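K.L.:
Structure, please.
(chains A and B)
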There are 2 protein chains.
Amino acid sequence: MYDLETMGKEAKAMSVYVRKLSTNQKNEILFACAKKLEENAKKILPENKKDMDKTDPSRTAFNDRLLLNESRIAGMAEGIRKVARHDDPTGETLYMKTLPNGLKVGEKRVPIGVIALIYEGRPNVTTDSFALIFKAGNACVLRGSKEAINSNIALVKILQETLEQLGHPRKIIQLVEDTSRETAAKLMKMDKYIDVLIPRGGAGLIASAVQNSTIPVIATGVGNCHIYVDEFADLEKAIPLIVNAKTQRPGVCNACEKLLIHRKIAEDFTPVICRALHKAKVEIRGDEFVRKNFDQAKPATEEDWDTEYLDMIIGIKVVENFDDAVSHIGKYSTGHSDAILTENYNNANAFTELVDSAAVYVNASTRFTDGEEFGLGAEVGISTQKLHARGPMGLTALTSTKFIIFGNGQIRA
Amino acid sequence: MYDLETMGKEAKAMSVYVRKLSTNQKNEILFACAKKLEENAKKILPENKKDMDKTDPSRTAFNDRLLLNESRIAGMAEGIRKVARHDDPTGETLYMKTLPNGLKVGEKRVPIGVIALIYEGRPNVTTDSFALIFKAGNACVLRGSKEAINSNIALVKILQETLEQLGHPRKIIQLVEDTSRETAAKLMKMDKYIDVLIPRGGAGLIASAVQNSTIPVIATGVGNCHIYVDEFADLEKAIPLIVNAKTQRPGVCNACEKLLIHRKIAEDFTPVICRALHKAKVEIRGDEFVRKNFDQAKPATEEDWDTEYLDMIIGIKVVENFDDAVSHIGKYSTGHSDAILTENYNNANAFTELVDSAAVYVNASTRFTDGEEFGLGAEVGISTQKLHARGPMGLTALTSTKFIIFGNGQIRA
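P.N.:
As a prediction, the model looks like this:
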């Protein structure tokens, strides 16, 4: 069995080391890592080729994500530089108040400690995650996929060499080189050394982490995202917005998967939006009303309302009223991103109150749910859980807080 | 097997109901619950007597915590009223900014949904927890101990009747009446319906929740709390402060358990503080230096440095310097509350930077780590984990946030 125990102990020790680094020191390291990656592209590419040679050639989308070339390595380096240029989330005192007994009590943003990431697919996650976890002042343990193992070993080696050349310990970042399921399962139980586990990948990986981890998990989630066209919607604006939310990038978690149309406007609006979506090559699965009003619509089953297609398919349903829309969303939404299109003040406000999702929209495409788009800078993922972080997670999601108390001899009566 | 599935579904439905209640409605319910508890003391006391009749008479401290009487019921009612008078943590928009494309993006504080609590001991936890969980806008599932089951059934019945009389559903609060371990274990796996699990009790219960729960856990922790007397400490102030931190209430998690003394002042200070603690009836376990300088000191073993005594015992050790103190605390502290006593500006600041605990003190007793003392109002517990909430948890720890986005037709390019 891979020696995770030693790795854990070392990571814990490294978390103390990283916590003491100044923002300038962290940025210097990140810029140096970016430069070193670019300079060593010729060492990385042959290792990536070993990974590429092992893959099944028929998995074209997968293979495209795995492939590295000079320009992609430059992109990874630029990703690291972007994190270096971002404000350091740690060190901020959120408030400081003076209590009646003269004690000054405040809360301060601090690193978490050791953050482990279990991820699939693309090698750029290796460098992105290191940059984010490290910038927030944490030690980093990475466990990538077996498909990318040679690429990941090469990348982490370069990051470690850069750390060493600048006089810092290599073990600030550690890669679990054993990609077996047993080792991943053991890693998930290392709550003694690891403070947070972030699973980043498919639903299976995330479910496994939630079920098995004894380390607190920040789970990113799937997006069965809804757009509800209210009776008071501006239907002119609605058409390009819905087409955008569905088709601009259908394979991602904030793409629109379901359309709900208010009964009162359904007769006019259904054929129009169906034609627009159909023209954009979207397969339409509708309820009875939709099928009656648009011949090419296929029937939507109960399973459809529950499904994140991640594809050029949309489910369309006519709802009786506002409450019916909110209750459908409450039942089927995965709590990622849901939108109302309306010009009515009360319905707009009520929707943002009643829909319990990470991002609730009025009159905008669900595709904006993203750290960059929301102005948070680089993003670790999108949380659909309700503890610690919800929605796009920027650097702040990789921090904790602590109370600091300044006294002059106070004792408790 | 107890029908937890139905309970979970009902709790989920109730969370939607509670989320819609206004602060006025929630407060009206809480004040009515408080009144009803006082009016029904005579119904509660015979049920509490059934619990008392079953206990082992030799467990005096335990039995005292279990016992209810009219004045304790009045205290429980007052606890509920205090929560009612506290600000509602939900509904606040934390910020709202306008993006370059005109989208307004903000984060808003919202209820979590369904919160379950597994707890031991005192029946007042039943009413306190309901008040806090409900005030923060959540549905409440409680699983108390088998020792208090009759008291808890009586209390929850009164809360449910009050809800019903005011025209609200009883199931806003539900009690798991089956107190078997199997049912508790099953409850910990109900992540489909329960958003957060709070274990409140001994280390065994908390460890079991961390190990077995698939629901995100907010763990409260033990406190092996340190006071470090720096070479630059004001030794006059130090004596009453240390005696207070150790003896004012030795059985609680923020009591001082370990004292570290800088080598340079150890010869003068050790006998003085040992005499003061000894006079206050504290058993002293010391390293070799301490034993040489104070005859009544017993030897401290490696195990002592790791132990939360919760008793009139203290471990005392002489450290070589500031770094040695910080590193001892890093190794043995449970990350609850640790203090430095110093008049030196740099050491005070460095201590608050380097010690990674929920509450880090300069020149004050560790006994202040408490929601009331810190001015947070009623407290759910003290978290020593780093995700979501750290340190004393007020009502805010029982909330989440969501992004709200207001647009006028924005689509993603």
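
K.L.:
which element follows the lowest-mean-pLDDT helix or strand in chain A toward the C-terminus?
P.N.:
Within chain A, confidence by mean pLDDT, DSSP states H and E is lowest for helix A:60-66 among all helices and strands, at a mean of 87. Using DSSP states H and E, the helix or strand that follows helix A:60-66 in sequence is helix A:70-85.

K.L.:
A:E47 and A:R170: what is the separation?
P.N.:
18 Å (C-beta to C-beta, to the nearest Å). The way it works is simple: take the backbone N, C-alpha and C, and place the C-beta from them, glycine included.

K.L.:
Looking at those two, which is more packed in?
P.N.:
A:E47 (20 against 16; other C-beta atoms under 10 Å in any protein chain shown).

K.L.:
what about that one, which SS state?
P.N.:
Following DSSP: H, G, I helix; E, B strand; the rest coil, the label given to A:E47 is helix.

K.L.:
Report all helices and strands that the least confident helix or strand of chain A contacts.
P.N.:
helix A:41-54 (3 or more C-beta pairs under 8 Å, 6 or more residues apart in numbering or on different chains; DSSP states H and E).

K.L.:
Wasn't A:V141 part of a strand?
P.N.:
Yes: assessed with three-state DSSP, A:V141 lies in a strand.

K.L.:
In contact with it, which residues?
P.N.:
Residues in contact with A:V141, defined by C-beta atoms under 8 Å, 6 or more residues apart in numbering or on different chains, are A:7-8, A:11, A:114-117, A:174, A:176, A:187, A:194.

K.L.:
switch to 7 Å and redo it
P.N.:
A:7, A:11, A:114, A:116, A:174, A:176, A:194 (C-beta atoms under 7 Å, 6 or more residues apart in numbering or on different chains).

K.L.:
In terms of pLDDT, where does it sit?
P.N.:
Looking at A:V141, its pLDDT reads 98.

K.L.:
who touches the strand ranked longest in chain A?
P.N.:
Using DSSP state E to assign secondary structure, the strand with the most residues in chain A is strand A:399-410. Applying C-beta under 7 Å, 6+ apart, the contact partners of strand A:399-410 are A:89-90, A:94, A:101-112, A:136, B:237, B:241, B:352, B:357-365, B:368, B:374, B:386, B:390-391.

K.L.:
With only the CA atoms kept, save that strand in PDB.
P.N.:
Extracted C-alpha coordinates of strand A:399-410, given in PDB (Å, rounded to 0.1, in the frame of the first residue of the first chain):
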ATOM      1  CA  THR A 399     -10.000  29.600   3.500                       C
ATOM      2  CA  SER A 400     -11.300  29.500   7.000                       C
ATOM      3  CA  THR A 401     -11.600  32.100   9.800                       C
ATOM      4  CA  LYS A 402     -10.400  32.300  13.300                       C
ATOM      5  CA  PHE A 403     -11.300  34.500  16.300                       C
ATOM      6  CA  ILE A 404      -8.500  36.700  17.600                       C
ATOM      7  CA  ILE A 405      -8.900  38.300  21.000                       C
ATOM      8  CA  PHE A 406      -6.800  41.100  22.400                       C
ATOM      9  CA  GLY A 407      -7.100  41.800  26.100                       C
ATOM     10  CA  ASN A 408      -5.200  43.300  29.000                       C
ATOM     11  CA  GLY A 409      -5.600  40.700  31.700                       C
ATOM     12  CA  GLN A 410      -9.400  40.100  31.500                       C
END
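
K.L.:
Please identify the buried residues of it?
P.N.:
For strand A:399-410, burial by neighbour count (16 or more other C-beta atoms under 10 Å in any protein chain shown) applies to A:399-407, A:409-410.

K.L.:
In the stretch 251-400 of chain A, what residue comes closest to chain B?
P.N.:
Nearest residue of the stretch 251-400 of chain A to chain B: A:A364, at 2.9 Å (C-beta to the nearest C-beta).

K.L.:
For my notes, confirm A:V110 occurs in a helix.
P.N.:
No: applying three-state DSSP, one finds A:V110 to be strand, outside a helix.

K.L.:
pLDDT at the nearest residue in space to it that is not next to it in sequence, what is it?
P.N.:
In space, A:V110 comes closest to A:K402 once its chain neighbours are excluded; the distance is 5.3 Å by C-beta to C-beta, 6 or more residues apart in numbering or on different chains. Per-residue pLDDT puts A:K402 at 97.

K.L.:
Bridge partners for A:K402, pull those for me.
P.N.:
Beta-bridge partners of A:K402, counted by DSSP bridges, are A:K108.

K.L.:
A:L395: what's its closest spatial neighbour, skipping adjacent residues?
P.N.:
Sequence neighbours aside, A:P89 is the residue nearest to A:L395 in space, at 4.3 Å (criterion: C-beta to C-beta, 6+ apart).

K.L.:
again but with A:A266, I slipped
P.N.:
Closest to A:A266 by C-beta to C-beta, 6+ apart is A:V318, at 4.5 Å.

K.L.:
Look at that neighbour and say how many residues are nearby.
P.N.:
By other C-beta under 10 Å, the residues close to A:V318 number 23.

K.L.:
what's in contact with the strand or helix carrying it?
P.N.:
Assigned by DSSP H and E, A:V318 belongs to strand A:313-319. The contact list for strand A:313-319, computed with C-beta under 7 Å, 6+ apart, reads A:246, A:256-263, A:266, A:277, A:282-287, A:289-290, A:300, A:304-305, A:325, A:328.

K.L.:
Just the buried ones out of the residues you listed, please.
P.N.:
Neighbour-count burial (16+ other C-beta under 10 Å) is assigned, among the contacts of strand A:313-319, to A:246, A:256-262, A:266, A:277, A:282, A:284-287, A:289-290, A:300, A:304-305, A:325, A:328.

K.L.:
Among these, which lie within strands?
P.N.:
If you go by DSSP E, the buried ones among the contacts of strand A:313-319 have A:256-262, A:284-286 in strands.

K.L.:
circling back: show me the contacts of A:V141 that map onto helices.
P.N.:
Judged by DSSP state H, helices contain the following of the contacts of A:V141: A:7, A:11.

K.L.:
what two of the contacts of A:V141 have the greatest distance between them?
P.N.:
Spatially, the most separated pair among the contacts of A:V141 is A:V114 and A:V176, at 12.9 Å (C-beta to C-beta).

K.L.:
neighbour count winner among those two?
P.N.:
Ranked by neighbour count (other C-beta under 10 Å), A:V114 and A:V176 place A:V114 first, with 26 against 21.

K.L.:
so the more buried one makes contact with A:A13?
P.N.:
No: between A:V114 and A:A13 there is no contact under C-beta atoms under 7 Å: 9.6 Å.

K.L.:
picking up where we left off before, just give me the closest of the contacts of A:V141 to chain B.
P.N.:
Nearest to chain B among the contacts of A:V141: A:V114, at 10.0 Å, using C-beta to the nearest C-beta.

K.L.:
Give the full set of residues in contact with that closest one.
P.N.:
Each residue near A:V114 by C-beta under 7 Å, 6+ apart is listed here: A:11-12, A:15, A:138-139, A:141, A:193-195.
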